[in-house]
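Enquirer: what follows is a predicted structure for the sequence shown.
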Amino acid sequence: MPAPHNSFKTALAKGDAQIGLWVVASEASVTEMIGTAGFDWLVLDGEHAPNDIRSLRDSLMALNGSDSHPVVRIPIGETWMVKQVLDAGAQTVLVPMVDTAEQARDMALAMRYPPLGVRGMGATGARASRFGEITDYVATANDEVCLLVQAESRAAIANLDDILTVEGVDGVFIGPADLSADMGFPGAASAPEVQEVITDAIKRITSSGKAAGILTQSLDDAKTYLELGATFVAVGIDMVMYAKVTRQLCKDAKALL
Ligand SMILES: O=C(O)C(=O)C[C@H](O)[C@@H](O)CO
């Protein structure tokens, strides 16, 4: 039996737009609920959310049977972190703060078993192989992993063309918050100077044949990015949505008094 087919990777390769949501609640029952909404992909955030390997594992388990594909964002680009989330059953990994082709290459190596990479051999007792039930896991896993790297600094934008040549990188995600901060516009990703860089980056990524991704909380911006050719576009953050409706309900209820 081979490793599960990564339909998200296939969709990105075909250029089929994928609508996603950022999940920062770090609680499997919330992930399970969000997994019923119909998003194509969900980021389980290990960079800025209070997730650890166990809570990420629990959220991956909670998405069993969901049509939403889990994308696990590790805290930083470290080989051992990639290994842990792959063994926990993630097939698509998002790596923040990738500024150079060399960093991207290291991550591509971390994603795959030898001879293509350096992934350590530990899947037999791991969730990834269904605890050994997927007997051909090691032989087939390399084909089903998907690596997304984040370009979110002036350095990454300067090195983007080199990053795009790295074999094993399936897509590049623009991080608007960090990119705008690094460009001198903290908290102002909508600044025209930042949007100009984002537009150019999306065009360069798509014309290289790799998938471009981004996060925005504006559906108007999402439409623009999709029209530019971005393939994986996240349109919100779970806790922001939760906070918004919670505050509004409280306000509306108090207005009854
Ligand atoms: O720079 C960005 O934008 C991202 O990487 C996404 C953020 O980390 C996300 O947490 C929303 O602020």
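Expert: Structure received.

Enquirer: near the ligand, which residues of the stretch 101-250 of the chain? Just list them.
Expert: Contact residues, the stretch 101-250 of the chain versus the ligand (CB under 6 Å from any ligand atom): 150, 152, 175-178, 215, 237. Backbone N, C-alpha and C define where each C-beta goes, glycine included.

Enquirer: at 8 Å instead, please
Expert: Proximity of the stretch 101-250 of the chain to the ligand (CB under 8 Å from any ligand atom) is limited to residues 150, 152, 173-181, 189, 215, 237.

Enquirer: so which residue of the protein comes closest to the ligand?
Expert: The chain approaches the ligand most closely through residue 175 (2.7 Å), counting by CB to the nearest ligand atom.

Enquirer: OK, contacts around the spatially closest residue to that residue that is not a sequence neighbour?
Expert: Excluding its sequence neighbours, the residue lying closest to residue 175 (CB to CB, 6 or more residues apart in numbering) is residue 152, at 3.1 Å. The neighbours of residue 152, taking CB atoms under 8 Å, 6 or more residues apart in numbering as the test, are 96-97, 174-179, 182.

Enquirer: tell me where the stretch 1-150 of the chain has strands.
Expert: Here the stretch 1-150 of the chain has its strands, by DSSP state E, counting those that start in this stretch, at 18-23, 41-45, 69-73, 92-95, 146-151.

Enquirer: reformat these as TSV; add mean pLDDT.
Expert: Shown next, in TSV, are the strands of the stretch 1-150 of the chain (pLDDT from 0 to 100):
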stretch	mean pLDDT
strand 18-23	98
strand 41-45	98
strand 69-73	98
strand 92-95	98
strand 146-151	98
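
Enquirer: need these in TSV (columns: distance to residue 1 and mean neighbour count).
Expert: Output for these, formatted as TSV (distance: least, CB to CB, whole Å; neighbours: other CB atoms under 10 Å):
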stretch	distance to residue 1	mean neighbour count
strand 18-23	26	22
strand 41-45	24	25
strand 69-73	20	25
strand 92-95	20	26
strand 146-151	20	26
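
Enquirer: now tabulate those strands in CSV and tack on distance to residue 168.
Expert: Converted to CSV, the strands of the stretch 1-150 of the chain look like this (distance: least, CB to CB, whole Å):
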stretch, distance to residue 168
strand 18-23, 20
strand 41-45, 19
strand 69-73, 16
strand 92-95, 11
strand 146-151, 6
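
Enquirer: on that earlier part again, neighbour-wise, which one of the contacts of residue 152 leads?
Expert: Sorting the contacts of residue 152 by how many neighbours each has (other CB atoms under 10 Å) puts residue 174 first, at 27 neighbours.

Enquirer: now it: how far from residue 35?
Expert: Distance of residue 174 to residue 35, given as CB to CB, to the nearest Å: 25 Å.

Enquirer: so what's residue 240 closest to, chain neighbours aside?
Expert: Here the nearest residue to residue 240 in space, its sequence neighbours aside, is residue 217; by CB to CB, 6+ apart that works out to 6.7 Å.
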